[in-house]
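A.B. asks: Could you work out the structure for the sequence below:
(one chain, ligands or ions: 2)
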Amino acid sequence: MIKKRDNILFFIPILIAGIVILTTILLLFQLKQFGASYIKDAEEELNVDTKQALWIITPILKENNFKKLDEYCQELKNEKMRLTIINKEGQVIADSKTGISNLDNHANRPEIKAAQTGQPSTTIRYSNTMHSEMVYHSEPILINGEGYIIRVSVSADNIEKMLKKAEKNIILIFLIGTGGVILLTLYIFIRVRIPFNKLQKSTIKIASGNLDTEIYVPKDGILWELARAVDIMSKQLKRQIKNMKKMENFRSEFIANVSHEIKTPLTSILSAVEMLDGVETENIKQKKCLKIISEQSNRLNRLIQDILSLADLEKKQIFKNRDFAELSINSAVENSVSLCKSLAEAASINIIIEENTSIKIFGNSYFLEQAINNLITNAVKYSQTDKIIVKSYVENNEVKISVKDFGIGMKKEEAARVFERFYRIDKARSRELGGTGLGLAIVKNIAKLHNGRVDVITSPGNGADFIISIPII
Ligand SMILES: Nc1ncnc2c1ncn2[C@@H]1O[C@H](COP(=O)(O)OP(=O)(O)OP(=O)(O)O)[C@@H](O)[C@H]1O
Ligand SMILES: [Mg+2]
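C.D. replies: Ligands and ions are numbered 1, 2, ... in the order given. The predicted structure is shown next:
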């Protein structure tokens, strides 16, 4: 997720960098094209100049009149273009800009070398004579069997200077653009990405239940407002959760107190009923009433016991490990099974311990046995089959205790709710069987007390497999 966000965050600097690079390349390319087209124009102009010069020079050279040639060159002295006539040995015989005495042998000049092979040629190079960049065009001619080279050139200094300057400017623009991109990236990194990650980390911590985490609020910048809003929200949430916890504690305590108060008179009623049970009576009405009182007060007693059990478990969640000791899983399983034996036998159900791990864990054996008991009792009461398979084993660093029956099972949406307090699938049937709907809620709390959980694998008609999982530390 962070990677995706980074992609979005750094998209703009990457885009700008791309534009800067592309623009630089385009400008440089354009500049090269411009230079090339200028040279081409100059070349065409020189071509025309050469033709004109040839028209005049050819008859002069035919006469071998070097004086006249020199005079003609002198006439061109103030022209932009320079005319040079060279013999086949590379000796300059006339030049419009300088006296021939100043000029060395030109045989090694590239444009002369090319023309000596019989081909007209154009070159751009720095001229030591003219002290500037020049475009040269030279053509070989044959007069009276004697070979000459006629060379026409113009200065390319201005354009070269302009091109160099433009190139410098383009590189400057590129450097400024690159600097801007680096600054922007740094800004995003320091002022957006780092605070964003810090804010995200603190909110994730709060979301995972660590309510005391301080929300990171940057001093200023674009995230300030958002971070402040999250901070206020988290503080309000904290207060609300604290209030809810307080209310929940109050509720549990109240229920526990009421249950305790009911327990004392109920015990008296139960012992009175027991006493009456021993008294012989022929009165059928009395017998019936006594039976109802006995059944219902026993049921009430179980309910009170379950409520007190749940309240006790909830209190214990806060002070985990308080009554914990080393316990062996196989004896907890065996004790629970033997406790349910008579109930199962009465329903003609066979309880089979298929697998029983000898691992020892740190826990509360009284509660763990109660949890297994509740699962087996349910299987006996609701499954309506002839066998129940109990297993305990270690898997993925967890102890698993499974109670599996092959009975009616339940629907997905029912399975999702059976661990709620007082939830019963078939209320009438459950009541008839003496159920209060607290058994699985107790199992869930016991698993939680051991940092574990309880799951059910079931579908209608395919039985139910309740599995308690407790992590091994
Ligand atoms: N093995 C099972 N097969 C089918 N239904 C089941 C099974 N175990 C539980 N149930 C259903 O889940 C409901 C809730 O079970 P739970 O143990 O919490 O309550 P109870 O058995 O009704 O009452 P209590 O256990 O408090 O006496 C039951 O009423 C029953 O409808
Ligand atoms: Mg039950």
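A.B. asks: Regarding residue 79, what is its secondary structure?
C.D. replies: Counting by DSSP: H, G, I helix; E, B strand; the rest coil, the backbone at residue 79 sits in coil.
A.B. asks: Kindly report the residues of the chain close to ligand 2.
C.D. replies: Within the chain, the positions near ligand 2 by CB under 5 Å from the ion are 378, 439. In short, each C-beta sits where N, CA and C put it, glycine included.
A.B. asks: Let me see the ranges of the strands in the chain.
C.D. replies: Along the chain, counting by DSSP state E, strands occupy 82-87, 92-95, 121-127, 132-143, 146-155, 325-328, 350-355, 360-363, 387-395, 398-405, 453-458, 464-471.
A.B. asks: got the ones you listed as TSV, with distance to residue 26 columns?
C.D. replies: Shown next, in TSV, are these (distance: least, CB to CB, whole Å):
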stretch	distance to residue 26
strand 82-87	36
strand 92-95	42
strand 121-127	24
strand 132-143	25
strand 146-155	29
strand 325-328	78
strand 350-355	76
strand 360-363	73
strand 387-395	65
strand 398-405	65
strand 453-458	64
strand 464-471	64
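A.B. asks: would CSV of these with mean pLDDT and mean neighbour count be doable?
C.D. replies: Output for the strands of the chain, formatted as CSV (pLDDT from 0 to 100; neighbours: other CB atoms under 10 Å):
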stretch, mean pLDDT, mean neighbour count
strand 82-87, 91, 24
strand 92-95, 90, 21
strand 121-127, 86, 16
strand 132-143, 89, 20
strand 146-155, 91, 21
strand 325-328, 94, 12
strand 350-355, 96, 14
strand 360-363, 94, 18
strand 387-395, 96, 18
strand 398-405, 97, 22
strand 453-458, 97, 18
strand 464-471, 97, 20
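A.B. asks: Nearest to ligand 1, out of these?
C.D. replies: Set against ligand 1 and scored by CB to the nearest ligand atom, the strands of the chain come closest in strand 464-471, at 4.2 Å.
A.B. asks: hang on, the earlier thing: switch the strands of the chain over to JSON lines; also include distance to ligand 1.
C.D. replies: Shown next, in JSON lines, are the strands of the chain (distance: least, CB to the nearest ligand atom, whole Å):
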{"stretch": "strand 82-87", "distance to ligand 1": "110"}
{"stretch": "strand 92-95", "distance to ligand 1": "116"}
{"stretch": "strand 121-127", "distance to ligand 1": "97"}
{"stretch": "strand 132-143", "distance to ligand 1": "98"}
{"stretch": "strand 146-155", "distance to ligand 1": "103"}
{"stretch": "strand 325-328", "distance to ligand 1": "23"}
{"stretch": "strand 350-355", "distance to ligand 1": "13"}
{"stretch": "strand 360-363", "distance to ligand 1": "21"}
{"stretch": "strand 387-395", "distance to ligand 1": "9"}
{"stretch": "strand 398-405", "distance to ligand 1": "5"}
{"stretch": "strand 453-458", "distance to ligand 1": "7"}
{"stretch": "strand 464-471", "distance to ligand 1": "4"}
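A.B. asks: Select, out of those strands, the one closest to residue 63.
C.D. replies: strand 132-143 (9.9 Å; CB to CB).
A.B. asks: I would like the residues contacting that closest one, please.
C.D. replies: Strand 132-143 is touched from outside by 39, 42-43, 46-47, 49-50, 54, 58, 61-62, 82, 109, 111-112, 114-116, 118-127, 147-157, 160, with contacts defined as CB atoms under 8 Å, 6 or more residues apart in numbering.
A.B. asks: report the angle between the axes of that strand and strand 121-127?
C.D. replies: 140 degrees (axes from the mean of the first three to the mean of the last three CA atoms, to 10 degrees).
A.B. asks: Centre of the chain to strand 132-143, how far?
C.D. replies: Averaging C-alpha positions (CA atoms, centre = their mean, to the nearest Å) puts strand 132-143 68 Å from its chain's average.
A.B. asks: What's the separation between the residue lying closest to residue 180 once chain neighbours are set aside and ligand 1?
C.D. replies: Leaving aside its sequence neighbours, residue 180 sits nearest to residue 16 (CB to CB, 6 or more residues apart in numbering; 7.2 Å). Distance, residue 16 to ligand 1, using CB to the nearest ligand atom, to the nearest Å: 64 Å.
A.B. asks: Residue 16 touches residue 183, doesn't it?
C.D. replies: No: with contact defined as CB atoms under 8 Å, residue 16 and residue 183 do not form a contacting pair (10.8 Å).
A.B. asks: Out of these two, name the residue with the larger neighbour count.
C.D. replies: residue 16 (16 against 11; other CB atoms under 10 Å).
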